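A.B. asks: fold the following and give me the result.
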Amino acid sequence: MIEQVELRPARVEDAEALASLYEAQRGFLAPFDPVRPDAFYTVPGQRMELEQAVAQSRADLRHRFVIVVEGTIVGTLGISNVVRGQFQSANLGYFVAQEMNGRGVATRAVGVAAEWAFGRLGLHRLEAGTLVDNLASQRVLEKNGFDRIGLARRYLRIAGDWRDHVLFQRVAE
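C.D. replies: As a prediction, the model looks like this:
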């Protein structure tokens, strides 16, 4: 179990580290991610992604974070599709490098993100979806007080196919 997990806003300066991380994790992430263009795995591709993320964060549409352990970026976490008004809701997504799985990193990062979303962002609800067979991610969400709310058929296009997802939510206390 790793105790020191930092979650900090992603910056354009993280482009090189994220390009390296995504390239190193490409095979591991392939079954869980959408098909991505090769440019995504490059420094310019990550710089473009990060520039968009910073602009979207300023507009309160999406907030992208890096997960840091011992000074090294080991994953990312996003709070996206922020809807205000009467809904006050967003989606949560994350990944942690394969070699860090099972060490409490994702659990801690999701916990910190939920505290931030319900505190600083003032959200009422966070929703997260996992592939049906991603039991590890389902455990991360359950450990953080997310409730299973149902099955969404053909919810997201992952690895080139429309895949079913188990949906979870957590509402502010």
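A.B. asks: max-length helix in this protein?
C.D. replies: In terms of residue count, the longest helix belonging to the chain (DSSP state H) is helix 43-58.
A.B. asks: so which elements touch that helix?
C.D. replies: The contact analysis (3 or more CB pairs under 8 Å, 6 or more residues apart in numbering; DSSP states H and E) places helix 43-58 against helix 15-24, strand 63-69. In this view, the C-beta of every residue, glycine as well, is placed from N, C-alpha and C.
A.B. asks: what angle do the last one and helix 15-24 make?
C.D. replies: Think strand 63-69. Angle of strand 63-69 versus helix 15-24, following axes from the mean of the first three to the mean of the last three CA atoms, to 10 degrees, is 80 degrees.
A.B. asks: next, the angle from strand 63-69 to helix 43-58.
C.D. replies: 120 degrees.
A.B. asks: from the middle of its chain, how far away would whichever helix or strand comes after strand 63-69 be?
C.D. replies: Beyond strand 63-69 on the C-terminal side, the first helix or strand identified by DSSP states H and E is strand 72-83. Centroid separation for strand 72-83 versus its chain: 4 Å, with CA atoms, centre = their mean, to the nearest Å.
A.B. asks: show me what counts as buried in strand 72-83.
C.D. replies: Neighbour counts using 16 or more other CB atoms under 10 Å place 73-79, 82 of strand 72-83 among the buried residues.
A.B. asks: quick one: low-confidence residue ranges for this protein.
C.D. replies: Scanning the chain for pLDDT under 70 picks out nothing.
A.B. asks: make JSON lines from the helices and strands packed on helix 43-58 and add distance to residue 9 to it.
C.D. replies: As requested, those are exported to JSON lines (distance: least, CB to CB, whole Å):
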{"stretch": "helix 15-24", "distance to residue 9": "13"}
{"stretch": "strand 63-69", "distance to residue 9": "6"}
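A.B. asks: redo these as a markdown table? Include distance to residue 99 and mean neighbour count.
C.D. replies: Listed next are those as a markdown table, based on distance: least, CB to CB, whole Å; neighbours: other CB atoms under 10 Å:
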| stretch | distance to residue 99 | mean neighbour count |
| --- | --- | --- |
| helix 15-24 | 9 | 18 |
| strand 63-69 | 11 | 22 |
